[in-house]
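Colleague: Generate a structure from the sequence data that follows.
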Amino acid sequence: MSARRLVVAMSGASGLPYGVAALRALREHPDIESHLIISPGARTAVPHELDLSMADVKALADVVHSDSNLASALASGSFRTIGMIVAPCSIKTLSAIATSYSDNLIARAADVTLKEHRRLVLLLRETPLHAGHIRLMADATANGAIIYPPVPAFYTRPTSIDDMVDYTVRRALDLFDIDTGDAKRWRGVPELDA
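Modeller: Predicted coordinates:
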């Protein structure tokens, strides 16, 4: 049986550590083949947000696709995947996905993911939001996407930025039924049940 495939896209919003954390988490799962797409904006942001080179980022993925290659396997619904995560997702990328404007591979692969009724998770990185952003989120959601702003959970008592990033990414990967095991989970407050 071939590996399950998950597409990881990194667009030009601030938040590249989320995409890197997703790729690293997927490396813990040899049964999942990661397919990476990096937008030109994300490439520009790499030296500003990461202590990694572009070659280091690409090396974390099993397969790397050019964002300009609309003839990529990812552009066809016949290429089976378990879904796609866009981490981070810029408003520009959200806009393309919400309106099916597939002029690059990230938008096309997302459109394919939606039309094939596969899971699409968007770690939207923008704040504050205006009404146009909120309409785009509603449109993408109506088409089947999951909007997942990377908002940290503090009940986990994070002690570093990496803790917050890893928790967010592992919770997002839960949406693909990928067991990340070590994600701290809310256990409730038993004394309130007494």
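Colleague: Who are the packing partners of the lengthiest helix in the chain?
Modeller: Ranked by residue count under DSSP state H, the longest helix found in the chain is helix 161-174. Other elements packing on helix 161-174 under the criterion 3 or more CB pairs under 8 Å, 6 or more residues apart in numbering; DSSP states H and E are helix 16-27, strand 83-89, strand 119-124. Using the backbone N, CA and C atoms, a C-beta is placed for each residue, glycine as well.
Colleague: Quick one: neighbours of the residue nearest to Ala45 when sequence neighbours are not counted, just the number.
Modeller: Distance criterion CB to CB, 6 or more residues apart in numbering; nearest residue to Ala45, sequence neighbours excluded, is Leu16 at 5.7 Å. By other CB atoms under 10 Å, 24 other residues sit near Leu16.
Colleague: List the contacts of Leu16.
Modeller: Counting by CB atoms under 8 Å, 6 or more residues apart in numbering, Leu16 touches 10, 42, 45-46, 49-50, 57, 88.
Colleague: Can you flag which of the residues you listed belong to strands?
Modeller: Counting by DSSP state E, the members of the contacts of Leu16 that fall within strands are 10, 88.
Colleague: Now for the contacts of Leu16: which two are most distant?
Modeller: Taking CB to CB, the two most distant members of these are Val57 and Pro88; they sit 13.3 Å apart.
Colleague: what do those two both touch?
Modeller: 10, 16, 19.
Colleague: who has more neighbours, Val57 and Pro88?
Modeller: Pro88 (26 against 21).
Colleague: which residues does that one contact?
Modeller: Listed by CB under 8 Å, 6+ apart, the contact partners of Pro88 are 10-11, 13-16, 18-19, 123-125, 150.
Colleague: Check the residues you listed for burial and list the buried ones.
Modeller: Those of those that meet the buried threshold are 10-11, 13, 15-16, 18-19, 123-125, 150, by 16 or more other CB atoms under 10 Å.
Colleague: and these, which two are the farthest apart?
Modeller: The largest distance within the buried ones among the contacts of Pro88, taken as CB to CB, falls between Leu16 and Leu124 and amounts to 14.3 Å.
Colleague: Low-confidence ranges, the chain, go.
Modeller: Counting by pLDDT under 70, the low-confidence segments of the chain come to 1-2, 182-183, 194.
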